[in-house]
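In: coordinates for the following, if possible.
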Amino acid sequence: LQERLRNMLRSFYSVVKMSDAMLRFVFITGISKFSQMSIFSELNSLQNISMKDRFSAICGITQREVEEQLRPDVEALAQKNGETYEEALEHLKKMYDGYHFSPECEDIYNPFSLLSCLNDRRYSKFWFSSGTPTFLIEMLRKCSFDIETLEGITTSAEQFDVPTEHITNPVPVLYQSGYLTIKDYNFAADLYTLAYPNDEVRLGFINSLIPYYINDVQLTRSSFVYDFTEDLRAGDLDSCMRRITAFFASIPYDLENKTEKHYHTIFYLLFSMMGLYVESEVRSAVGRADIVLKTGTHIYVFELKVDGSAEDALKQIDSKGYLVPYTADGRKLVKVGVNFDSATRTVSGWKAVEE
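Out: Below you'll find the predicted structure:
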C-alpha cells in the first residue's frame, strides 16, 4: 500500500513540477510522512514548514479567534448546556484545544471538532465519529506498546517527526495523525514531551482500546463507569471499591494474554474513562500518584500495588508526598491504597484514610 501511495505522490509532484511557471504558491498538507528522497526528487523546491513556529497555527483555530470571532456561537452553546460563557470556554478548551506543532506554538483547537460542537450545540467526540482508528490500535498491540506511556512521552524530533515507510514504533503515526501532540520542549536537551492533546482525543482513544483488552465484561457497558463515579460523588467509597472488586472478578480467567501488566492496564483504562464524569489524572511521570480523582467535595488519591498490601500503598502516598499538591485545595483529601493479587487476578484488599 505504501509503495502504491508513494508512486501516486511521485506522479502528482511530477505534474506540479512541470507546471512550475504557472504556479505562484502551493500549499500541501497531509498525515503520513514519506522520506524526501523517495518522492520529492520530482520536486526539490519544497520547504517543510511542519515544525516551524511562525506557521504552527496555519491549519487550526486559536483561543483569540474563538473569543473574538466565535463569541455568539459560544454564547449559544453555553445557553443550550446551562453554562456561563466562561464555563463554556473552559469546556471547549478541555475538549478540543491543546494541539502544538512546534516548540513555541500557541494552543490550537481542532477546527473540525470545535465547529461541529458549535454547530450542534453539544459536546461530543466528533473527531472519533469520523473514523475508528483500528489500524493504530492493531499497531499498538503488535508492538506490545505500553499505552500508559501515551500520557507523556519524552523523545527527540528524530523519533516522531520521521518518515513512516518502515515504522517499528507507533509514536510517529500517533503524532502525525493527531492522537499525540507536543506538550513541552526542553531547549537544552532538544527533547519533546508528547501527550494526548485534549479530552476528546484521550477519552475517545481509550474508549477505542477497551474492547481489545476486555471481552464482554462490565466496563464495556457505558453505565458501569457512570455508576462508579456516582458512588465517588456521593462519597461512598465502599460501594465504589465493591464495584471494582466485582468488575475484576467478572473477567474470565481463560482469556489469552492476561498477564499482570494486562490487568494493570485495565486499571488504567477504568480510571481514565472516569474522566467523562469527574476530573481524573493518571500517572505520567515519577513522583505522582497512580490515580487522582476529583469531585466537588473530595480529592481521592489512589496508589496501586501488585502482590503487596494496601498499607504499603498508603505508606508510599505519605512518603512520596502525593497529597501535598492538593493540601490548599479546600476539598476533603482521601488517600486510598489498593492491592491487586496477580494469582487470583482481583483486588485482594484496600484501605482508605481521610486526612
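
In: looking at this structure, which helix or strand does the model trust least?
Out: Here the helix or strand of the chain ranked lowest by mean pLDDT, DSSP states H and E is helix 36-39, holding a mean of 54.

In: what's the following helix or strand after that helix?
Out: Counting by DSSP states H and E, the element after helix 36-39 in chain order, helix or strand, is helix 63-69.

In: tell me which other helices or strands the very next helix or strand once past that following helix touches.
Out: For helix 63-69, the succeeding helix or strand toward the C-terminus, using DSSP H and E, is helix 71-80. Secondary-structure packing of helix 71-80 (3 or more Cβ pairs under 8 Å, 6 or more residues apart in numbering; DSSP states H and E): helix 85-96, helix 111-120. To be clear about C-beta, it is placed using only N, CA and C from the backbone, and glycine gets the same treatment.

In: who are the packing partners of the shortest one?
Out: In terms of contact count using 3+ Cβ pairs under 8 Å, 6+ apart, helix 111-120 is assigned the packing partners helix 71-80, helix 85-96, helix 126-129.

In: contact partners of the shortest one?
Out: So the one you mean is helix 126-129. With contact meaning Cβ atoms under 8 Å, 6 or more residues apart in numbering, helix 126-129 is reached by 110, 112, 113, 116, 117, 178, 200, 201, 204, 205, 207, 208.

In: what are the buried residues along that helix?
Out: 126, 127, 128 (16 or more other Cβ atoms under 10 Å).

In: for residue 54, grab the count of nearby residues.
Out: Neighbours of residue 54 under the rule other Cβ atoms under 10 Å: 10.

In: now the one 4 residues further on
Out: Residues within reach of residue 58, counting by other Cβ under 10 Å, total 12.

In: assumed residue 194 was part of a strand.
Out: Yes - with DSSP: H, G, I helix; E, B strand; the rest coil as the criterion, residue 194 is located in a strand.

In: tell me what it is bridged to.
Out: With DSSP bridges as the criterion, residue 194 is bridged to residue 153, residue 182.

In: so it sits right up against residue 153, yeah?
Out: Yes - between residue 194 and residue 153 a contact is recorded at 4.6 Å, counting by Cβ atoms under 8 Å.

In: which residue of those two possesses the greater neighbour count?
Out: Neighbour count, other Cβ under 10 Å: between residue 194 and residue 153, residue 194 has more, with 24 against 19.

In: now residue 188: how far from residue 111?
Out: 34 Å (Cβ to Cβ, to the nearest Å).

In: looking at those two, which is more packed in?
Out: Taking neighbours as other Cβ under 10 Å, residue 188 and residue 111 compare with residue 111 leading, 13 against 5.

In: state the distance from that one to residue 70.
Out: Counting by Cβ to Cβ, the separation of residue 111 from residue 70 is 11 Å.

In: buried set for stretch 342-355?
Out: By 16+ other Cβ under 10 Å, the buried positions in stretch 342-355 come out as 345, 346, 347, 348, 349, 350, 352.

In: from these, which ones fall inside strands?
Out: 346, 347, 348, 349, 350, 352 (DSSP state E).

In: let me have the residues you listed in a markdown table, extended by distance to residue 300 and pLDDT.
Out: Formatted as a markdown table, these follow (distance: Cβ to Cβ, whole Å; pLDDT from 0 to 100):
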| residue | distance to residue 300 | pLDDT |
| --- | --- | --- |
| 346 | 20 | 81 |
| 347 | 15 | 88 |
| 348 | 20 | 90 |
| 349 | 17 | 92 |
| 350 | 12 | 94 |
| 352 | 8 | 94 |
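
In: out of those, who's nearest residue 314?
Out: Of all those, residue 314 sits closest to residue 352, with 8.7 Å by Cβ to Cβ.

In: hey, what's the closest one bridged with?
Out: residue 336.

In: re the thing from before, of the contacts of helix 126-129, buried ones?
Out: If we count by 16+ other Cβ under 10 Å, the contacts of helix 126-129 have these buried: 110, 113, 116, 117, 200, 201, 204, 205, 207, 208.

In: hmm, residue 122 is touching residue 78, no?
Out: No - the pair residue 122 and residue 78 fails to qualify as a contact (Cβ under 8 Å) at a distance of 11.9 Å.

In: out of the two, which sits in the busier spot?
Out: Set residue 122 next to residue 78 and count neighbours by other Cβ under 10 Å: residue 78 wins out with 19 against 12.
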